[in-house]
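1. Got a predicted structure here, sequence first:
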Amino acid sequence: MNLNEVNQDIHGHRPRKRLGRGVGSGLGKTSGRGHKGHKSRSGYSRHPSFEGGQLPMIRRIPKRGFNNVSFAPYVVGINVGTINAAFAAGEEVCAKSIRAKGLVKLVCDEIKILGDGEVTKPLKVIINRVSKSARSKIEAAGGSVELVRAKRTPRQRVAALKAAKQS
């Protein structure tokens, strides 16, 4: 074999199959679909997970084990720019006051203050979580940040839900 013969029979595009063009073409009559059955019919398409009548993998795999959705705390973020616009200078910013002003409407376990925006007035922030940039902006404006734990952890919430179901 020579180097000039290596790629000789490799072509970029394979010509399309010309179906139903007579018996002599090899793809006449049934056009390569065989006889009868679903796959011979027009409009046939099978589901990607179909395994030829065998029990599908999604039904063979056991569905049990750990899922963190019910245990992980649901945290809602709010930016310092939004808080700066909603609260007056020297006002106390806590989860209750944030909800009262309508800044957070979702039911959540914790609220986190994020650093997008500017702080122009001193605020006393008492919250569950705060980012480093948000803390530095609040303290640079003459405010203070105090972290408090959430009243109920997600594990306690799940335990309470289980107890409520049993009783």
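-> Nice, thanks for sending it over.
2. For the strand or helix carrying Glu146, list the C-alpha coordinates in PDB.
-> Glu146 is located in strand 144-147, with elements delineated by DSSP states H and E. Taking C-alpha atoms only, strand 144-147 is exported to PDB below (Å, rounded to 0.1, in the frame of the first residue of the first chain):
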ATOM      1  CA  SER A 144     -23.500  46.600  61.300                       C
ATOM      2  CA  VAL A 145     -24.100  42.900  60.400                       C
ATOM      3  CA  GLU A 146     -25.200  40.300  63.000                       C
ATOM      4  CA  LEU A 147     -25.800  36.700  62.000                       C
END
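3. Quick one: residues in contact with the helix ranked longest in the chain.
-> Counting by DSSP state H, the longest helix found in the chain is helix 154-166. Contact with helix 154-166 is made by 70-74, 109, 152, as judged by CB atoms under 8 Å, 6 or more residues apart in numbering. Where C-beta positions appear, they are placed from N, C-alpha and C, glycine not excepted.
4. let's see 7 Å
-> Contacts with helix 154-166, where a contact means CB atoms under 7 Å, 6 or more residues apart in numbering, come from 70-73, 109.
5. cool, stretch 134-149 as well?
-> 80, 113-115, 119-128, 130.
6. quick check, nearest of the residues you listed to Arg64?
-> The nearest member of those to Arg64, counting by CB to CB, is Asn128 at 32.5 Å.
7. The residue nearest to the closest one when sequence neighbours are not counted: what's it in contact with?
-> Leaving aside its sequence neighbours, Asn128 sits nearest to Glu110 (CB to CB, 6 or more residues apart in numbering; 3.9 Å). Residues near Glu110 by CB under 7 Å, 6+ apart: 73, 75, 128-129, 150.
8. do that again at 10 Å, thanks
-> Each residue near Glu110 by CB atoms under 10 Å, 6 or more residues apart in numbering is listed here: 73-77, 95, 127-129, 148-151, 153-154.
9. partners of it in the sheet?
-> Glu110 forms beta bridges with Val75, as assigned by DSSP bridges.
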